[in-house]
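Q: Sequence first, predicted model second:
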Amino acid sequence: MFKPCVVIPVYNHEHAIGKVLARVLQHGLPVILVDDGSSPTCAAVLDALAAAHPGAVVLERHAVNQGKGGAVLTGFARAEREGYSHVLQVDADGQHDVADVPRFLDAGRARPHAVIAGCPLYDESVPALRLYARYLTHVWVWINTLSLAIRDSMCGFRVYPVAPVLALARRRRLGLRMNFDIEILVRLYWDGLEIANLPTRVGYPEDGVSHFQAWTDNVLISRLHMTLFFGMLPRVPSLLVRSWRK
């Protein structure tokens, strides 16, 4: 079964979310917005958007901010209750090329047991420091999976099968902030899921709002890499066999 919906985590993106939502809705998909403890201004925008699209948009709300991962998992839980088999995750800041939604859905339909992971093609708007810093994470991910199967572990434009994500989240507490996108992909790979990389254009809007906290999030990501490394060690035999079979 392939019955997808879109989950968009939102935290104070009141200036961008309206355009992002409008572009997503053009593809005829139901949308779950998750307000991750936003300001009253953003919350009011989300209330208005949900009211303007009854039946097409539902709104989940956190009383306090939990982080991107917490918001995404809340969206997954709602998707499961609504009977959806797959979630297309899209960020709320306008970085993703929503015109690629049909490509992601086609790939998910063709490989319903895989994660379709966006592999960014950046334009000139990408900050150079952020671009280079991502490669350090990529190297750690390749080490922790003993493969090059995951081309980019930080892009939030993805199609997931719902069941394995929630099964993983129920047996293990996952990182709830900017470490989420990395951890969920590595652990799903460890669980045996295929990761299908799909190139997609990514830009950085001039008025975009980033919630990446340089100190806090870099510490969380560094700690995650170490945790995953020690989790990888007992999996070395099975990971090597998997790589050889490819």
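A: It's in.
Q: Every contact and neighbour count from this point should use C-alpha atoms.
A: Will do.
Q: now the helices for the chain?
A: 17-25, 40-52, 68-81, 101-110, 128-145, 162-171, 180-190, 214-232, 236-245 (DSSP state H).
Q: Would you tell me which of these gets closest to residue 201?
A: helix 101-110 (11.6 Å; Cα to Cα).
Q: any idea of the mean pLDDT in that closest one?
A: Helix 101-110 shows a mean pLDDT of 97.
Q: In it, which residues are buried?
A: 101, 104, 105, 107, 108, 109 (16 or more other Cα atoms under 10 Å).
Q: With just CA atoms, put that helix into CSV.
A: Extracted as CSV, the C-alpha positions of helix 101-110 are listed here (Å, rounded to 0.1, in the frame of the first residue of the first chain):
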residue,chain,number,x,y,z
VAL,A,101,7.3,16.3,-4.8
PRO,A,102,6.0,14.1,-7.7
ARG,A,103,9.5,12.7,-8.2
PHE,A,104,9.8,11.8,-4.5
LEU,A,105,6.3,10.2,-4.6
ASP,A,106,7.1,8.2,-7.7
ALA,A,107,10.3,6.9,-6.1
GLY,A,108,8.4,6.0,-2.9
ARG,A,109,5.7,4.2,-4.8
ALA,A,110,8.3,2.2,-6.7
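Q: Start the count at 813 instead of 1 going forward.
A: All right, first residue 813 from here; so that's helix 913-922.
Q: That one to helix 829-837, inter-axis angle?
A: With axes from the mean of the first three to the mean of the last three Cα atoms, to 10 degrees applied, the angle from helix 913-922 to helix 829-837 works out at 50 degrees.
Q: Who are the packing partners of helix 913-922?
A: Contacting helix 913-922 under the criterion 3 or more Cα pairs under 8 Å, 6 or more residues apart in numbering; DSSP states H and E are the following elements: strand 927-934, strand 970-973.
Q: coming back round to it: with distance to residue 904 as extra columns, can I get the helices of the chain in TSV?
A: As requested, the helices of the chain are exported to TSV (distance: least, Cα to Cα, whole Å):
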stretch	distance to residue 904
helix 829-837	5
helix 852-864	11
helix 880-893	11
helix 913-922	14
helix 940-957	19
helix 974-983	20
helix 992-1002	15
helix 1026-1044	19
helix 1048-1057	34
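Q: So which of those is nearest residue 968?
A: helix 992-1002 (6.7 Å).
Q: Mind giving me the packing neighbours of the closest one?
A: By 3+ Cα pairs under 8 Å, 6+ apart, helix 992-1002 packs against helix 880-893, helix 940-957, helix 974-983.
Q: okay, those helices, which one's buried deepest?
A: helix 880-893 (a mean of 21; mean count of other Cα atoms under 10 Å).
Q: and that one with helix 974-983, angle?
A: Using the same axes, to 10 degrees: helix 880-893 against helix 974-983 is 120 degrees.
Q: Residue 844 and residue 885: what is the separation?
A: 11 Å (Cα to Cα, to the nearest Å).
Q: hang on, the earlier thing: would a markdown table of the buried residues of helix 913-922 with distance to residue 929 be doable?
A: Output for the buried residues of helix 913-922, formatted as a markdown table (distance: Cα to Cα, whole Å):
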| residue | distance to residue 929 |
| --- | --- |
| 913 | 12 |
| 916 | 9 |
| 917 | 11 |
| 919 | 10 |
| 920 | 10 |
| 921 | 14 |
